[in-house]
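**Student:** Return a 3D structure for these sequence lines:
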Amino acid sequence: MKSICLFNHKGGVSKTTTTFNLGWMLASLGKKVIMVDLDSQCNLTGLVLGYSKMNDDGIEAIYNSRSTMTLKPIIDKIINGVSVDEIVKGAEGELIKTGNENLLLLAGTLETSDLDSQMSIALKIASGVPVTKNMVGNFPEVLKKIALVHSADYLLFDLSPNVGGLNEIILMSSDYFIVPASPDFFCFQAVASLKQNIEKWYDEIEVFKRVNKFDNPNYVIHNRPKFLGVIQQRYRPRSGVPSSSFQKWIDRIKIAIKDDLVPALSEKGCVIPADEIRRALKGSALEPYDLANISDFNSLIAVSQAVSKPVFALTEEDITSISTMFGKALDTSMNNSENFRREFEALAKRVMYLTK
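**Tutor:** Next up, the predicted model:
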């Protein structure tokens, strides 16, 4: 089982949508995938369930139902010091099903923000308050054991857009990570701060492991997540390629990744070698470390969210059931959906190749 984080501490980069679409495509290619919604806003949960069910009554019913497994009781037990084996053994309910039989969701909860603050504190005071030190590794270990119980091939983490303790622990305990990016100045800035934060997290985890005697090779926070690359997205195309205003920022982000982020990650052993990335990209116009270029979904995103399906899995019936498209507009939308299917299939195959 491989774990992959989708992380960018800048918001608005389609991180949740990418997690859902990538997870669905991996599942369509025969892999068993579990997505974990670790954002306290629960957007991935809303996308899977349908946002109409995310009102107060709907979400309360989900959390109160013993037939559905959510993060809420797991987080409560982690904070209260319950052991990993006891939490996994007592995990009630089924993971939430999606429209793809191989794709499941562990639903998020508002209490994720409480765990985030607890983790930030625990990383700093564990040596002085030993009761807190087990919390740090117990949470990612519980999630991985739940995935193993369900025979998952991939565990995808949808993280919140921040640099708190929870994101630090989940990222540094994952096998791989992907950075969704949007072509703008703020995302360009985020690449520089991403480098600084991962360097800081790496050093902090190393100290935490040494001080608390968690430096054995089997400790769940191995501190070596491998960077797979960036997914450049949310741009408007012109003649099949990004328009010049978007291409400028795509190029600047690529340079920042190549010249700043990758060298820093290489020093920590946290990146897939460029030659291996090139082999995965063979046959495409992409270069390391771009995993895919995904243009803006435009009107298809509204349909996708309404029917809880990826843009590339939409049918004519899906589109016409919630829109007034017909004729040439409908044909264009279906062609776009097929183009997105090819893009995400290529992306999923690259991920599978790099994580084999």
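**Student:** Going by residue numbers, what spans are helices in the stretch 151-300 of the chain?
**Tutor:** Using DSSP state H, counting those that start in this stretch, the helices of the stretch 151-300 of the chain run over 165-173, 185-211, 244-256, 262-267, 274-280, 300-307.
**Student:** Now the fifth one: buried residues?
**Tutor:** This points to helix 274-280. Within helix 274-280, the residues that count as buried by 16 or more other Cβ atoms under 10 Å are 277, 280. Glycine gets a C-beta too; all of them are placed from N, C-alpha and C.
**Student:** which secondary structure elements does it contact?
**Tutor:** helix 327-354 (3 or more Cβ pairs under 8 Å, 6 or more residues apart in numbering; DSSP states H and E).
**Student:** by contact count, what packs against the helix it packs on?
**Tutor:** Using 3+ Cβ pairs under 8 Å, 6+ apart, helix 327-354 sits against helix 15-28, strand 226-235, helix 274-280, strand 290-295, helix 300-307, helix 316-322.
**Student:** Give the burial count for residue 178, as a bare number.
**Tutor:** Residues lying near residue 178 (other Cβ atoms under 10 Å) number 25.
**Student:** surely it meets residue 226?
**Tutor:** No - Residue 178 is beyond contact range of residue 226, at 10.3 Å (criterion: Cβ atoms under 8 Å).
**Student:** neighbouring contacts of stretch 346-356?
**Tutor:** 2, 4, 22, 25-26, 28-29, 31, 154, 175-176, 178, 228, 231, 272, 276-277, 279-281, 284, 291-292, 294 (Cβ atoms under 8 Å, 6 or more residues apart in numbering).
**Student:** Go again with 6 Å.
**Tutor:** 2, 25-26, 29, 176, 228, 272, 280, 291-292 (Cβ atoms under 6 Å, 6 or more residues apart in numbering).
**Student:** could you flag which of those are buried?
**Tutor:** Buried, going by 16+ other Cβ under 10 Å: 2, 25-26, 176, 228, 272, 280, 291-292, out of the contacts of stretch 346-356.
**Student:** I'd like to know which of these is nearest to residue 203.
**Tutor:** If you rank those by distance to residue 203 using Cβ to Cβ, residue 176 comes first, at 20.6 Å.
**Student:** and that closest one, bridged to which residues?
**Tutor:** Residue 176 forms beta bridges with residue 4, residue 226, as assigned by DSSP bridges.
**Student:** Then the one 4 residues further on?
**Tutor:** Beta-bridge pairing of residue 180, defined through DSSP bridges, involves residue 231.
**Student:** quick one: contacts for it?
**Tutor:** 8, 13-15, 18, 231.
**Student:** And those, which of them are buried?
**Tutor:** Using 16+ other Cβ under 10 Å as the threshold, 8, 13-15, 18, 231 are the buried ones among the contacts of residue 180.
**Student:** returning to what we had before: let's have the helices and strands packed on helix 327-354 in JSON lines, adding distance to residue 162 and mean pLDDT.
**Tutor:** Below are the helices and strands packed on helix 327-354 laid out as JSON lines (distance: least, Cβ to Cβ, whole Å; pLDDT from 0 to 100):
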{"stretch": "helix 15-28", "distance to residue 162": "12", "mean pLDDT": "96"}
{"stretch": "strand 226-235", "distance to residue 162": "19", "mean pLDDT": "88"}
{"stretch": "helix 274-280", "distance to residue 162": "28", "mean pLDDT": "97"}
{"stretch": "strand 290-295", "distance to residue 162": "23", "mean pLDDT": "91"}
{"stretch": "helix 300-307", "distance to residue 162": "23", "mean pLDDT": "90"}
{"stretch": "helix 316-322", "distance to residue 162": "33", "mean pLDDT": "87"}
